[in-house]
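Enquirer: Here's my sequence, what's the structure:
(4 chains)
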Number of protein chains: 4
Amino acid sequence: MNSFGRLFRVHIFGESHGETVGIVIDGCPAGLSLAMDDFLNDIERRKGGVQKGTTPRKEDDLPIFKSGIFNGKTTGAPITILFENKNTRSGDYEKQKAVPRPGHADFTAHVKFGGNEDFRGGGHFSGRLTVCLVAAGVIAKKLLENVGISTNARITEIAGEKDLEKGLQKAIDQKDSVGGIVECTVNGLPIGLGEHFFDSVESLISHAVFAIPAVRGIEFGTGFAAAKMFGIDHNDAMIDEKGKTTSNHAGGIVGGITNGNPMVFRIAIKPTSSTPKEQESWNWETKQVESFSIKGRHDLCIALRVPVVLEAVTAIIMTDLMLLEQRIRRIL
Amino acid sequence: MNSFGRLFRVHIFGESHGETVGIVIDGCPAGLSLAMDDFLNDIERRKGGVQKGTTPRKEDDLPIFKSGIFNGKTTGAPITILFENKNTRSGDYEKQKAVPRPGHADFTAHVKFGGNEDFRGGGHFSGRLTVCLVAAGVIAKKLLENVGISTNARITEIAGEKDLEKGLQKAIDQKDSVGGIVECTVNGLPIGLGEHFFDSVESLISHAVFAIPAVRGIEFGTGFAAAKMFGIDHNDAMIDEKGKTTSNHAGGIVGGITNGNPMVFRIAIKPTSSTPKEQESWNWETKQVESFSIKGRHDLCIALRVPVVLEAVTAIIMTDLMLLEQRIRRIL
Amino acid sequence: MNSFGRLFRVHIFGESHGETVGIVIDGCPAGLSLAMDDFLNDIERRKGGVQKGTTPRKEDDLPIFKSGIFNGKTTGAPITILFENKNTRSGDYEKQKAVPRPGHADFTAHVKFGGNEDFRGGGHFSGRLTVCLVAAGVIAKKLLENVGISTNARITEIAGEKDLEKGLQKAIDQKDSVGGIVECTVNGLPIGLGEHFFDSVESLISHAVFAIPAVRGIEFGTGFAAAKMFGIDHNDAMIDEKGKTTSNHAGGIVGGITNGNPMVFRIAIKPTSSTPKEQESWNWETKQVESFSIKGRHDLCIALRVPVVLEAVTAIIMTDLMLLEQRIRRIL
Amino acid sequence: MNSFGRLFRVHIFGESHGETVGIVIDGCPAGLSLAMDDFLNDIERRKGGVQKGTTPRKEDDLPIFKSGIFNGKTTGAPITILFENKNTRSGDYEKQKAVPRPGHADFTAHVKFGGNEDFRGGGHFSGRLTVCLVAAGVIAKKLLENVGISTNARITEIAGEKDLEKGLQKAIDQKDSVGGIVECTVNGLPIGLGEHFFDSVESLISHAVFAIPAVRGIEFGTGFAAAKMFGIDHNDAMIDEKGKTTSNHAGGIVGGITNGNPMVFRIAIKPTSSTPKEQESWNWETKQVESFSIKGRHDLCIALRVPVVLEAVTAIIMTDLMLLEQRIRRIL
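Expert: Numbering: from 1, shown residues only, chains lettered A, B, ... in the order given. Prediction:
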């Protein structure tokens, strides 16, 4: 299902080369002020900035509000936001449709949907739909701000380099795409969000994070490094009644529940599948392996676009958890 | 909520030092043969074997079938399985209850539940409840076997060592606990399980995996290493009509959907929080930091118990996905 | 939440006097042909026909397909359909907004959403949104037709009269609104849809039916009359291996599960709340009871519009149950 | 699925002639006092009292608490309650198993579960499981009492007679079973529970009510009588700022949302399917229609047992809605 959340719930729809992509946000408390201006900064951030390595495709991405807002405020009814798809060149895909692009959903979608999938630009599987998540994230972040919670994601590494310019230069030099690491921190969380077992904060965050295309891994706190540590070094000693700990190896979550320290996690983004390099794949019409190269506008490093999307899905979940724990009033 | 799954759905309950822990499994197709013998091997595996480093606590863990089985077969009604808790020494915990153990849910549960939590041995947060997941996993694995799918998890690293004995020896030498890495492989999956975005296979697997206590990270295929790779090296070239690829960096999942190659992922397990070392924590009665050490039976390396639990949650999800895609008939 | 269904799932949004109302349909199998023509008849039926008693408001209701359809077929991705709202006169409502109309959600919405509700024409609570359900119903009915299932609803009584013209004449003579009874029959259902207890067919049908505005009751088979019958008279004797029964007092459902006989149920529709008569209500600005009368275009008998909506929600549920029982292949 | 509820969620399991039936209650706030005594009165009421017409089967029904309660209070973890089945005579059913009893799920379960169903006494379909709902209802009612809400159900009619003794006498005279009407009233509800469309109060109540065996219909407020009324007579005029209305034809719910007046609804209960009269059914072994009569202990009027079960499911839903609207604090 293309839905996520229990009390603050999003539904996404649309295709990369269809007329629009969109999102329905159900469960947003009534009375939150929302205007076009609230959305512009995050939508701009999703374009990957003016940095080297991002696609020149111009997306004139203004949200179109279709429901749930009245007199500039949320009404409590579902909020629907559309984004038009412009400047698409679908012909590029028609020619290549029998040759599934490595790393894309072309083949799996083709089999799953019996050949009925919209194959143009990845169709419904496209990263294009993340603009909808960003829009929902703007609303969630605004709700969280009201109660003192902030969500911040940033790239910490590109192509194995902490110096991000250096990482991107690798891609340019190699005429290839590269991956990266994105870290997200949430400050201001109360103690007690999340539940034991299946609704642990890590469960919910990772569930939503793997909905972001190109994510290959996630780790909380010390993460994979924890597997090499001794217990005495990993444990965070609590030093006051508010739960403050001397270290934060747990990344702010113990027993699946927030412990009052900053929440910290990192995700791994693979190199953009649409590399400029020549590749091989199986052509299901000619029934043979053939070489091809992907033309057109593509990101050298898709990780550059991820931080704002990661903030969005994180904020969506934290809003849901805050509503569940009655830390945000349903009626503002 | 203590539930997971859409069509094959589990609900867990119970506390470490209560009378029983248990599970309700809803949605299991009717007609599957089930006997005590089916469960013994996996329950034994969960004890961590005779290897160094596992707790000597004797758990005489025989499943008690309460519903959903008739004449040795599943009926289609919910299956309820209980496990008795024996040999518990709750007094150990009563004395220490105002001093939250680092790495445990003692403090977060205390705040979340207003002091009403069953604090004995972690209560409902205890790893003890994973025996219930193992039981559900036995049923799921049996359903999957019928359609040629096998799930295998194994430890690949302890305390940073590929030689597992060496890793455990580190813990013994240091008189401390250690962590490890567990890898899971699923063979025989058809193409087309999972969905784009929120119900991607990675989303579902990671959601369930973080319900296992002590997990700090998860990665699929090349995982975090992908962030350092070039696109041309990471992409898996498809070479036949069945979706076979030359490499399997994607770990068998593209666009959130299985691609017919083996599914492979790894998880990081932190060192057991209950280290024998002296530690510090905040005493919420005396309102000061104090030193203490954890007595009693505890695992030096909890990762040793994880493989069978990881197989269980993986098999539960794959069964659910197979039912969703109608690859397992609801009536066998 | 504005969603319903497990595998075939709908999400509705929009307001009576907003720009559009719409629906997202998730889980529709790929490969179903869909064209504008499929929708026109049912949308026309929803207008209540040319019969006496329906509102003259002209709704030029053509579905606008936004996602999930490609080359005239469903793709397996969410289908989004919008309907524009035209010819709305919101000023009518602005003047009256402090006087909640009896029988409408004006007051309850005002309290629930803290005064932020879109009050124009009932906003999100409007019967206007049923056009979206009708559109989803068209898709569901087309899926069901492929497997030999048909859903038919008809009015059996208006204002207590079996002669429907006579019932409407009562309303016209009294210059008041009237209610009615609508009966729905589903033919061609296999044995075995639905589940014991919470997912009984009656549970699911009634859940969805009470989402239709103005419904006040529902009964299956003999319904309320059963409460006056003796057991021997009520029981349906089974007479062949296909489950055929001599009578059908059970309405085709036993133990919450379809038994192979036609499914039959009836719903009660209250008289249109917007009666032309003068009424009283509390004015929350002047803080006193005042008289008023509702102007404008309103149905004398809203029941006339209900049959096609009832078919729609019924077909949505039966499609979901057929998918759950694997009687409709997910890939057509 | 054998589950219901969003934040206060129940899962039932067990069979009539199995060892136990039981329920898991997830989402109950921590800190609620619970003792055996809280349950005895309602469990006794479910036996149908000492009135004529109830089965003499002695059910020594003491709840067995398995999880979620510690030191006499709820902990916030799932609460599990079992009831043992005693005094069952399964042999009665073995002999008759090829002859589906009219009005029971024998045939539909047999087809649905491929002959693997536990056929003894209706198995999982048995009214026996309602004792579990009653137990959950006790907890829900206790939570609601804390905030001033009371739930009361009573029989208003048996066999068409308002004089209940007279109705039962009809059954005795005719040596047959009879049905009845049960009315439920909820007092003390705040304005604003429930949602427009799919989560309307009527949707949720009716969904749960049809999980009670033998229910054939439900109506809110004036219900089916509304279909014969004029609008001006049906509309409830609001007369003060708290939403009080002169009449209560709406049964306390407008637009799917509680309006501050008492909630009132009625359900129709069919005559007990297990009538003492001789009946006919299809024998799927001999493949012919044959006569038989049902022996043993059965209720002449199952409606006598329904009020406490109806209170239970109603209280479960209202608790869920109160939690959703944050009217009950999750931590008491």
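Enquirer: A:N261 looks like it's in a helix, true?
Expert: No - using DSSP: H, G, I helix; E, B strand; the rest coil, the secondary structure at A:N261 is coil, not a helix.
Enquirer: how about the helix or strand containing A:C184 as PDB, C-alpha atoms only?
Expert: Element membership of A:C184, judged by DSSP states H and E, is strand A:180-187. These are the backbone C-alpha positions of strand A:180-187, laid out as PDB (Å, rounded to 0.1, in the frame of the first residue of the first chain):
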ATOM      1  CA  GLY A 180      27.000   8.900   0.000                       C
ATOM      2  CA  ILE A 181      26.000   8.900   3.700                       C
ATOM      3  CA  VAL A 182      23.300  11.100   5.200                       C
ATOM      4  CA  GLU A 183      22.900  11.700   8.900                       C
ATOM      5  CA  CYS A 184      19.700  12.900  10.600                       C
ATOM      6  CA  THR A 185      19.400  14.400  14.100                       C
ATOM      7  CA  VAL A 186      16.200  15.200  15.900                       C
ATOM      8  CA  ASN A 187      16.400  17.500  18.900                       C
END
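Enquirer: Please name every helix or strand in contact with it.
Expert: On a contact count with 3 or more CB pairs under 8 Å, 6 or more residues apart in numbering or on different chains; DSSP states H and E, strand A:180-187 meets strand A:150-158, strand A:263-269, helix A:306-324. In short, each C-beta sits where N, CA and C put it, glycine included.
Enquirer: what lines up beside the shortest one in the sheet?
Expert: In the sheet containing strand A:263-269, its partner strands are strand A:180-187 (antiparallel), strand A:215-220 (antiparallel), by DSSP bridges.
Enquirer: does any part of the lowest-mean-pLDDT helix or strand in chain A sit near chain C?
Expert: When each helix and strand of chain A is scored by mean pLDDT, DSSP states H and E, helix A:91-96 comes last, with a mean of 78. No - Helix A:91-96 does not reach chain C (CB under 8 Å from any CB of the partner chain); its nearest approach is 11.3 Å.
Enquirer: what does that helix contact?
Expert: Outside of helix A:91-96, the residues within contact range by CB atoms under 8 Å, 6 or more residues apart in numbering or on different chains are A:17, A:119-121, A:292, A:295-296.
Enquirer: Kindly report the same for stretch A:65-72.
Expert: Contact with stretch A:65-72 is made by A:22, A:25, A:28, A:33-35, A:74-82, C:13-15, C:18-22, C:82, C:116-118, C:123-124, as judged by CB under 8 Å, 6+ apart.
Enquirer: switch to 7 Å and redo it
Expert: Applying CB atoms under 7 Å, 6 or more residues apart in numbering or on different chains, the contact partners of stretch A:65-72 are A:33-35, A:74-75, A:77-82, C:13-15, C:18-20, C:22, C:118.
Enquirer: Not counting residues beside it along the chain, what's closest to the residue lying farthest from the centre of chain A?
Expert: Distance from the C-alpha centroid of chain A peaks at A:T286, with 36.6 Å (CA atoms, centre = their mean). In space, and not counting its chain neighbours, A:T286 is closest to A:A98: 7.4 Å by CB to CB, 6 or more residues apart in numbering or on different chains.
Enquirer: Quick check: A:G121 touching A:S16?
Expert: Yes - between A:G121 and A:S16 there is a contact under CB atoms under 7 Å: 3.5 Å.
Enquirer: How far away from the center of its chain is the least confident helix or strand of chain A?
Expert: Distance, stretch centre to chain centre, for helix A:91-96: 27 Å (CA atoms, centre = their mean, to the nearest Å).
Enquirer: For A:T108, give its distance to chain C.
Expert: As judged by CB to the nearest CB, to the nearest Å, A:T108 and chain C stand 12 Å apart.
Enquirer: ok, that residue - contacts?
Expert: Contacts of A:T108 by CB under 7 Å, 6+ apart are B:191-192, B:254-255, B:257, B:259.
Enquirer: Please apply the same query to A:R120.
Expert: By CB under 7 Å, 6+ apart, the contact list for A:R120 reads A:16-17, A:90, A:93.
Enquirer: now the strands for the stretch 201-332 of chain A?
Expert: Assigned by DSSP state E, counting those that start in this stretch, the stretch 201-332 of chain A shows strands spanning A:215-220, A:253-254, A:257-258, A:263-269, A:278-283, A:288-293.
Enquirer: hang on, I meant the stretch 51-200 of chain A
Expert: A:64-67, A:69-70, A:73-74, A:79-84, A:150-158, A:180-187.
Enquirer: okay, the ones you listed in CSV with mean pLDDT and mean neighbour count next?
Expert: As requested, these are exported to CSV (pLDDT from 0 to 100; neighbours: other CB atoms under 10 Å in any protein chain shown):
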stretch, mean pLDDT, mean neighbour count
strand A:64-67, 97, 20
strand A:69-70, 97, 22
strand A:73-74, 97, 22
strand A:79-84, 98, 24
strand A:150-158, 98, 20
strand A:180-187, 98, 22
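Enquirer: A:G148 is in contact with A:G188, isn't it?
Expert: Yes - judged on CB under 7 Å, A:G148 makes contact with A:G188 at a distance of 4.4 Å.
Enquirer: Can you pick out the residue with more neighbours from the two?
Expert: Ranked by neighbour count (other CB atoms under 10 Å in any protein chain shown), A:G148 and A:G188 place A:G188 first, with 15 against 10.
Enquirer: how about that one, what does it touch?
Expert: A:148-150.
Enquirer: Any stretches of chain A with poor pLDDT?
Expert: Across chain A, the ranges flagged by pLDDT under 70 are A:49-59, A:331-332.
Enquirer: Chain C contacts on that one?
Expert: Residues of chain A lying close to chain C (CB under 7 Å from any CB of the partner chain) are A:1-3, A:9, A:11, A:13-15, A:18-20, A:22, A:24, A:26-27, A:30-31, A:66-68, A:70, A:73-78, A:80, A:112-114, A:116-118, A:123-124, A:331.
Enquirer: With adjacent residues omitted, what lies nearest to A:R120?
Expert: Nearest residue to A:R120, sequence neighbours excluded (CB to CB, 6+ apart): A:H17, at 3.7 Å.
Enquirer: Can you report how many residues lie near the one you found?
Expert: By the criterion of other CB under 10 Å, A:H17 has 20 neighbours.
Enquirer: Show me which of the contacts of stretch A:65-72 are buried.
Expert: In terms of neighbour count (16 or more other CB atoms under 10 Å in any protein chain shown), the buried residues within these are A:34, A:74-75, A:77-82, C:13-15, C:18-20, C:22, C:118.
Enquirer: Identify the residues contacting the closest residue to A:K175 other than its chain neighbours.
Expert: Spatial nearest neighbour of A:K175, excluding adjacent residues (CB to CB, 6+ apart): A:P276 at 5.5 Å. By CB under 7 Å, 6+ apart, A:P276 lies in contact with A:175-176, A:293-294.
Enquirer: Please tell me how far A:P276 sits from A:K170.
Expert: Distance, A:P276 to A:K170, by CB to CB, to the nearest Å: 14 Å.
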